[in-house]
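Visitor: here are the coordinates; sequence isn't available:
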């Protein structure tokens, strides 16, 4: 089935581009509004200043003409220029206050409102040169008006008022706004193209990681991604490569574990089947029947222990277990764990000793305590050659609790492998050529940490290894990963 191409807004690249586009549009809109208001305000200010200047110059021109008329005894002194609109602009009108206009110069639509002419302040216009008297005419049209002094024969005898519709004064901004929009559009297009280019570049590592993830999902554990230049993506790529590397290592370890556990399970099963077949066929002498039955029971016990270890590890990893915590005397349980291996040590002629003194009571799971110490002793015996030494030492810990040390005279654990030995499925060949399943030490550490303690390894006093178990006096129950365990739950014993 052919997969449909995802819609742009459902991809990270599309959403980044759309987000950037929305940001550009919003920024452009805000810029247009603010810039338009600024341009309009500045245009009105400039136009109005020009209008005030024209009023002053026209008043001075008329004042000079009236002074000349006065000197030559001409009657008409103040007249409106015939080309007023051509000079000042469309809709321009001129009025005189204090002195009448010449005949034929009166505004055909009537004069300015009386309140406006009454508000003329001759002192202000003499001091400032102008006075603004904006008003609304009888037709309801907002009008700008500027008064300038009429000075005849060096005396201010009136005021000239020049008016014009406000729309005419502020109309110049509409010519600037289209240019402003064109400029904004000219900047918006390359900004959008740059956004798309950068978005594609930023999401390229994610697309590479998506491809690598798909390869891993299909089972290819050789996939990796090249670290990008950005810090965050570099960290993500490093974590991804580390995860794939861990998966690859786990797959190799799991494959080796399956090979080992298959061999370990097949050996007792072969022995059981051989003895059972011999008993069934009647080829075993009557006096040897108890020996065959004992061998079958021994091999079945080995199988049971292997399966129990596997179940323990699985439940520890899944945190589906609980500990039966109680206040106990650790000496009794340590001695039981020690005694359980004395026969094996004697059979292999290993010097097997214990130094278990008086210990304080602790709150722990006694069966798990025996299991951990028993596994450590079993591990020490397997790595100790015939004639060697294994010693169990128990003492009080400095801050309460107990510390149990299992020392052997074996080859020891190299410094670089002292954490590796606690990983599941990690095992090496012992001096006598045996290899285990690699579960014992892993279970020991996880159980110890679940009970609030830990298991460590270092060099022993006899040159071999020394595994140290520490348990606190009392500890709130915790899971293998440190999470609290809530009772009750089925025990695993």
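Guide: Arrived safely. Here the structure is a predicted model, which is why all the values come from computation and not from measurement.
Visitor: my guess is residue 149 contacts residue 122. True?
Guide: Yes - with contact defined as Cβ atoms under 8 Å, residue 149 reaches residue 122; the gap is 7.1 Å. (C-beta placed from N, C-alpha, C; glycine too.)
Visitor: name the residues contacting each of the two.
Guide: 156, 159 (Cβ atoms under 8 Å, 6 or more residues apart in numbering).
Visitor: which residues of the stretch 351-493 of the chain fall in helices?
Guide: Assigned helices in the stretch 351-493 of the chain, in chain order: 366-382, 440-450 (criterion: DSSP state H, counting those that start in this stretch).
Visitor: and the lengthiest helix in the chain, average pLDDT?
Guide: Ranked by residue count and defined by DSSP state H, the top helix of the chain is helix 12-71. Here helix 12-71 scores 76 as its mean pLDDT.
Visitor: any idea how far that helix is from the chain center?
Guide: How far helix 12-71 lies from its chain's middle: 47 Å, per Cα atoms, centre = their mean, to the nearest Å.
Visitor: tell me which stretches of the stretch 151-300 of the chain form helices.
Guide: Under DSSP H, counting those that start in this stretch, the stretch 151-300 of the chain gives helices at 166-170, 173-217, 231-281, 289-318.
Visitor: and the shortest one, what other elements does it pack with?
Guide: Contact partners of helix 166-170 among helices and strands, from 3 or more Cβ pairs under 8 Å, 6 or more residues apart in numbering; DSSP states H and E: helix 12-71, strand 142-152.
Visitor: residue 391: which of those is closest?
Guide: helix 12-71 (61.6 Å; Cβ to Cβ).
Visitor: beyond that closest one, next helix or strand please.
Guide: Under the assignment DSSP states H and E, the closest C-terminal helix or strand after helix 12-71 is helix 84-88.
Visitor: circling back: and residue 441, which of the helices of the stretch 151-300 of the chain is closest to it?
Guide: The nearest among the helices of the stretch 151-300 of the chain, by Cβ to Cβ, is helix 289-318 at 11.0 Å.
Visitor: and residue 358, what does it touch?
Guide: residue 331.
Visitor: can you do 10 Å?
Guide: Residue 358 makes contact with 329, 331, 394, 395, 396 under the criterion Cβ atoms under 10 Å, 6 or more residues apart in numbering.
Visitor: with residue 71 instead?
Guide: residue 153.
Visitor: the host helix or strand of residue 127: how far from the chain's middle?
Guide: When secondary structure is defined by DSSP H and E, residue 127 falls within helix 122-128. Remark: helix 122-128 is offset 69 Å from the chain centroid, using Cα atoms, centre = their mean.
Visitor: before we move on, what about stretch 336-344?
Guide: The answer for stretch 336-344 is 54 Å, by Cα atoms, centre = their mean.
Visitor: show the average pLDDT along that stretch.
Guide: 88.
Visitor: buried set for it?
Guide: 337, 338, 341 (16 or more other Cβ atoms under 10 Å).
Visitor: what's in contact with it?
Guide: Counting by Cβ under 10 Å, 6+ apart, 345, 350, 352-354, 356, 366, 369-378, 380-382, 390, 392, 394, 404, 406 sit against stretch 336-344.
Visitor: on that earlier part again, tell me which of the helices and strands packed on helix 166-170 sits nearest to residue 443.
Guide: helix 12-71 (43.7 Å).
Visitor: check contacts around residue 160.
Guide: 55-56, 58-63, 78, 80, 94-99, 101, 125, 146-150.
Visitor: and these, which of them are buried?
Guide: Using 16+ other Cβ under 10 Å, the buried ones in the contacts of residue 160 are 55-56, 58-60, 62-63, 78, 80, 94-97, 99, 101, 125, 146-150.
Visitor: so what's the residue positioned nearest the centre of the chain up against?
Guide: Centrality entry for the chain: nearest residue to the mean C-alpha point is residue 232, 8.9 Å, by Cα atoms, centre = their mean. Listed by Cβ under 10 Å, 6+ apart, the contact set of residue 232 reads residue 205.
Visitor: just residue 222 next, same as before
Guide: 212, 215, 216, 244, 248 are the contacts of residue 222 under Cβ under 10 Å, 6+ apart.
Visitor: gap between stretch 460-478 and the chain center?
Guide: So, by Cα atoms, centre = their mean, the centroid of stretch 460-478 is 39 Å from its chain's centroid.
Visitor: stretch 222-236 now?
Guide: So, by Cα atoms, centre = their mean, the centroid of stretch 222-236 is 15 Å from its chain's centroid.
Visitor: the chain should start at 25 in everything you say after this.
Guide: With the count now opening at 25, the last piece we talked about shows up as stretch 246-260.
Visitor: buried residues, that stretch. List them.
Guide: 247, 248, 249, 252, 257, 260.
Visitor: gap between the two ends of that stretch?
Guide: 17 Å (Cα to Cα, to the nearest Å).
Visitor: what of stretch 371-387?
Guide: Using Cα to Cα, the two ends of stretch 371-387 sit 35 Å apart.
Visitor: residues of that stretch that come out buried?
Guide: 372, 374, 376, 378, 380, 383, 386, 387.
Visitor: tabulate those (JSON lines), appending distance to residue 298 and pLDDT.
Guide: Converted to JSON lines, those look like this (distance: Cβ to Cβ, whole Å; pLDDT from 0 to 100):
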{"residue": "372", "distance to residue 298": "25", "pLDDT": "86"}
{"residue": "374", "distance to residue 298": "30", "pLDDT": "90"}
{"residue": "376", "distance to residue 298": "32", "pLDDT": "92"}
{"residue": "378", "distance to residue 298": "38", "pLDDT": "92"}
{"residue": "380", "distance to residue 298": "41", "pLDDT": "90"}
{"residue": "383", "distance to residue 298": "46", "pLDDT": "91"}
{"residue": "386", "distance to residue 298": "46", "pLDDT": "92"}
{"residue": "387", "distance to residue 298": "47", "pLDDT": "91"}
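Visitor: which of those sits closest to residue 443?
Guide: Using Cβ to Cβ, the buried residues of stretch 371-387 come closest to residue 443 at residue 386, 26.1 Å.
Visitor: is it true that the closest one touches residue 475?
Guide: Yes - shown here, residue 386 and residue 475 form a contact pair, counting by Cβ atoms under 10 Å, at 9.3 Å.
Visitor: now do the shared contacts for these two.
Guide: 349, 393, 495, 496, 499.
Visitor: for the stretch 175-324 of the chain, what are the low-confidence residue spans?
Guide: 194-201, 203-204, 212, 224-226, 252-253, 277, 280-285, 287-289, 291 (pLDDT under 70).
Visitor: do you know the pLDDT at residue 391?
Guide: At residue 391, pLDDT is 86.
Visitor: test my guess that it contacts residue 332.
Guide: No - contact criterion Cβ under 10 Å: residue 391 and residue 332 do not qualify, at 12.0 Å.
Visitor: give me the neighbour count for residue 53.
Guide: 11 (other Cβ atoms under 10 Å).
Visitor: and the gap between it and residue 47?
Guide: Here residue 53 is placed at a distance of 11 Å from residue 47 (Cβ to Cβ, to the nearest Å).
Visitor: same deal with residue 405?
Guide: Residue 405 is 71 Å from residue 47, by Cβ to Cβ.
Visitor: residue 493 too?
Guide: 61 Å.
Visitor: with neighbour numbers in mind, choose between the two.
Guide: residue 493 (24 against 12).
Visitor: let me see the contact set for residue 183.
Guide: Here residue 183 is in contact with 79, 83, 119-123, 141, 144-146, 149-150, 154-155, 157, 170-174 (criterion: Cβ under 10 Å, 6+ apart).
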